[in-house]
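> next one to model:
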Amino acid sequence: MAEVIVIGGGPGGYVSAIRAAQLGNSVKLVEKDAIGGTCLNRGCIPTKVLLHATGLRDSFKKAREYGFTIQEQSFDWETLMQRKNDTVKQLTDGVRALLDSWGVEVIEGEAFFEEPKVVSVRDARGSSHRFFGDYFIIATGSRPSMPPIERLDSRGVLTSDEAMNIERVPSSMLIVGGGVIGIEFATLFSGLGTTVTVVEFLPRILSTVDEEMAYMVHESLSSKGVAIHVAARVAKIEGKGSSLTVTFEDKNGKSTTVEVEKVLLAAGRTPNTEILDLERTGINVERGRIVVDKHMRTSLPHIYAIGDCASPYMLAHVAMAEGETAAANIGGQDLEMDYTVVPSCIFTSPELASVGLSESECRKAGISVKTGRFPMEGNGRALTLGEAGGMVKIVADSRYERVLGVHVLGPNATELISTACMAMKLEASADEISDMIFAHPTIGEALKEASLSLQGRAIHLPKG
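I've put the predicted structure just below:
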């Protein structure tokens, strides 16, 4: 039985701790803050509670189209915050119970290496305790990046972590960054009545997403009143009473100034590795990120690293998979991480989800592809829900029509993408997807129709 020490209790950390314990190891899990990490406490879960609230607000508006008479609705932010906190507590308490059931010892404090096989843990009182480990799994996650902008310390400037605990819904907000985090927050706050402005440095929002899909999200947000400025840089933030004056410049140097109540920084995240004193171990680190191989091993064979501090994907579900891989390899197996089928979910309205390569990525790689598209307005279930915006897009290689990427914008896209993941994992062709019988009426039928479209034989699209 080996002594395994996991540093970090987020999704990757707690999953790897449980798996290591299942394999018969003695496991200690060190967490300096709250079990569940950013995802459960300040990210994935609390934001989805708030995004569900925006969906309910939209439902009240839409209900009139279905014959309901809706009186004027009141909204209480404190009630929503309590709902968010209760949800987070239920999940984090559940993770605690899981760790206890597998005999994982949770140690509260901040860990740093003294030697390659010894960590010291400093608790909240400043006391330190040394622990020896045969193996270590580093899962320290990440923190919000701080862009080079004047007066970031101004009152009213928030990180994405801090935005989850504001006292009330702001009347106006400027979001720095049009990536996944920024666009989800734009959806969230605009849905709750905030006037939102997004400033993105790159030529388009959601730069890692299929360009066609990103454009549709841009158009959807714009139609709901979100002002989006791309190829622009925030230069300065100035406090002005209870508000903030933000100056940003476009690629031609033209300056624009807006006055807002809050500024939200959503310009990416940075790995948390400085606190570990990794130089004492000799572990290779590049630009703050721990270097690992396909087995999740660092340059020292008894130390593994997973999740945001080491992974090419800053996604909770990837960290979990990496944690299982690391634990299995500590247990004597020989597993490698496979990143070819990694779903990405963005909880916009409508939802956006994807897996595999985009059309432009394929073409840049010299891969000859065919594409199939099916609009949600042709899907019966989407129409019954009153959510006909969006489409399914499939990218496949030209010769064998093997599916290389699937991109979904529409209702329940974040659920449908798992079906696409399974198809890609099994190396399915468009023909095999189109031969499946999908239940009717469901959003999933759009996946089948997109496959048929790729082959030029869509049933529910007009000829031409």
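
> pLDDT weak spots in the stretch 201-350 of the chain?
Within the stretch 201-350 of the chain, no range satisfies pLDDT under 70.

> can you give me the helices in it?
211-223, 316-330 (DSSP state H, counting those that start in this stretch).

> which of those helices sits most buried?
helix 316-330 (a mean of 24; mean count of other Cβ atoms under 10 Å). Using the backbone N, CA and C atoms, a C-beta is placed for each residue, glycine as well.

> okay, that one in PDB with CA atoms only?
Coordinates of each C-alpha in helix 316-330 appear next as PDB, following Å, rounded to 0.1, in the frame of the first residue of the first chain:
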ATOM      1  CA  ALA A 316     -13.400  20.200 -15.000                       C
ATOM      2  CA  HIS A 317     -14.300  17.000 -16.800                       C
ATOM      3  CA  VAL A 318     -10.900  16.700 -18.400                       C
ATOM      4  CA  ALA A 319      -9.300  17.200 -14.900                       C
ATOM      5  CA  MET A 320     -11.400  14.300 -13.600                       C
ATOM      6  CA  ALA A 321     -10.300  12.000 -16.500                       C
ATOM      7  CA  GLU A 322      -6.700  13.000 -15.900                       C
ATOM      8  CA  GLY A 323      -7.100  12.300 -12.200                       C
ATOM      9  CA  GLU A 324      -8.300   8.800 -12.900                       C
ATOM     10  CA  THR A 325      -5.500   8.200 -15.300                       C
ATOM     11  CA  ALA A 326      -2.900   9.400 -12.800                       C
ATOM     12  CA  ALA A 327      -4.300   7.300 -10.000                       C
ATOM     13  CA  ALA A 328      -4.400   4.200 -12.300                       C
ATOM     14  CA  ASN A 329      -0.800   4.600 -13.200                       C
ATOM     15  CA  ILE A 330       0.200   5.000  -9.600                       C
END
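
> which residues sit against it?
Outside helix 316-330, the residues that touch it by Cβ atoms under 8 Å, 6 or more residues apart in numbering are 2, 4, 10-13, 15-17, 19-20, 22-23, 25, 39, 43-44, 135, 137, 139, 295-297, 304, 306-308, 310-311, 335-337, 339, 342-343.

> what is the burial count for the residue found closest to A310 once you drop the neighbours it is linked to in the chain?
Once flanking residues are discounted, A310 sits nearest to I290: 4.2 Å by Cβ to Cβ, 6 or more residues apart in numbering. Neighbour count for I290, taken as other Cβ atoms under 10 Å: 25.

> give the PyMOL command for selecting the buried subset of the contacts of helix 316-330.
Here is the PyMOL selection string for the buried members of the contacts of helix 316-330, based on 16 or more other Cβ atoms under 10 Å:
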select buried, resi 2+4+10+11+12+13+15+16+17+19+20+23+25+39+43+44+135+137+139+295+296+297+304+306+307+308+310+311+337+342+343
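
> now, which of the contacts of helix 316-330 lie within strands?
V4, Y135, I137, Y304 (DSSP state E).

> pretty sure G178 sits against T197.
No - contact between G178 and T197 fails when scored by Cβ atoms under 8 Å: they sit 10.7 Å apart.

> out of the two, which sits in the busier spot?
Between G178 and T197, G178 has the larger neighbour count (other Cβ under 10 Å), namely 28 against 21.

> roughly how far apart are the closest residue to that one other than its chain neighbours and E445?
Counting by Cβ to Cβ, 6+ apart, E200 is the residue found nearest to G178 once chain neighbours are left out, at 3.1 Å. Distance from E200 to E445, counting by Cβ to Cβ, to the nearest Å: 34 Å.

> again, but for V263
On the measure of Cβ to Cβ, V263 and E445 end up 43 Å apart.

> comparing the two, which residue is more hemmed in?
Legend: neighbour count by other Cβ under 10 Å for V263 and E445, higher for V263 (25 against 22).

> what sits against A310?
A310 touches I138, P271, R289, I290, V291, V292, M296, T298, E322, counting by Cβ under 8 Å, 6+ apart.

> the fourth one bridge partners, please.
Listed by DSSP bridges, the beta-bridge partners for I290 are V285.

> name all residues that make contact with it.
By Cβ under 8 Å, 6+ apart, the contact list for I290 reads I138, P271, T273, L278, I283, N284, T298, A305, C309, A310.

> report the buried members of these.
By neighbour count, with 16+ other Cβ under 10 Å, those hold I138, P271, T273, L278, I283, T298, A305, C309, A310 as buried.

> leaving out sequence neighbours, find the closest residue to the second one.
What that stands for is P271. What sits nearest to P271 in space, not counting adjacent residues and going by Cβ to Cβ, 6+ apart, is C309, at 4.3 Å.

> what ranges do the helices span in the stretch 1-150 of the chain?
Per DSSP H, counting those that start in this stretch, the stretch 1-150 of the chain carries helices over the ranges 11-22, 37-41, 44-63, 77-101.

> switch the ones you listed over to a markdown table; also include distance to E219 and mean pLDDT.
Compiled in a markdown table, the helices of the stretch 1-150 of the chain are given as follows (distance: least, Cβ to Cβ, whole Å; pLDDT from 0 to 100):
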| stretch | distance to E219 | mean pLDDT |
| --- | --- | --- |
| helix 11-22 | 33 | 98 |
| helix 37-41 | 30 | 93 |
| helix 44-63 | 17 | 92 |
| helix 77-101 | 28 | 96 |
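
> just put these in TSV and tack on distance to E108.
TSV is the format used below for the helices of the stretch 1-150 of the chain (distance: least, Cβ to Cβ, whole Å):
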stretch	distance to E108
helix 11-22	13
helix 37-41	14
helix 44-63	21
helix 77-101	12
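
> of all those, which lies closest to E167?
Checking the helices of the stretch 1-150 of the chain against E167 by Cβ to Cβ gives helix 77-101 as the closest, at 7.7 Å.

> residues near the residue nearest to A365 when sequence neighbours are not counted, how many?
The shortest distance from A365 to any non-neighbouring residue, by Cβ to Cβ, 6+ apart, is to L357 (7.7 Å). Using other Cβ under 10 Å, L357 is surrounded by 22 other residues.

> isn't L357 right up against G405?
Yes - at 4.2 Å, L357 counts as touching G405 under the criterion of Cβ under 8 Å.

> spit out the residues that contact those two alike.
Taking Cβ under 8 Å, 6+ apart as the criterion, L357 and G405 both touch V395.

> quick check: pLDDT value at the nearest residue to I303 once chain neighbours are set aside.
Excluding the flanking residues, the one nearest I303 by Cβ to Cβ, 6+ apart is F136, at 4.6 Å. On pLDDT, F136 comes in at 98.

> quick one: contacts for F136?
Contacts of F136 (Cβ under 8 Å, 6+ apart): V4, I5, V6, I7, K117, V119, H302, I303, Y304.

> with that, I have no additional questions.
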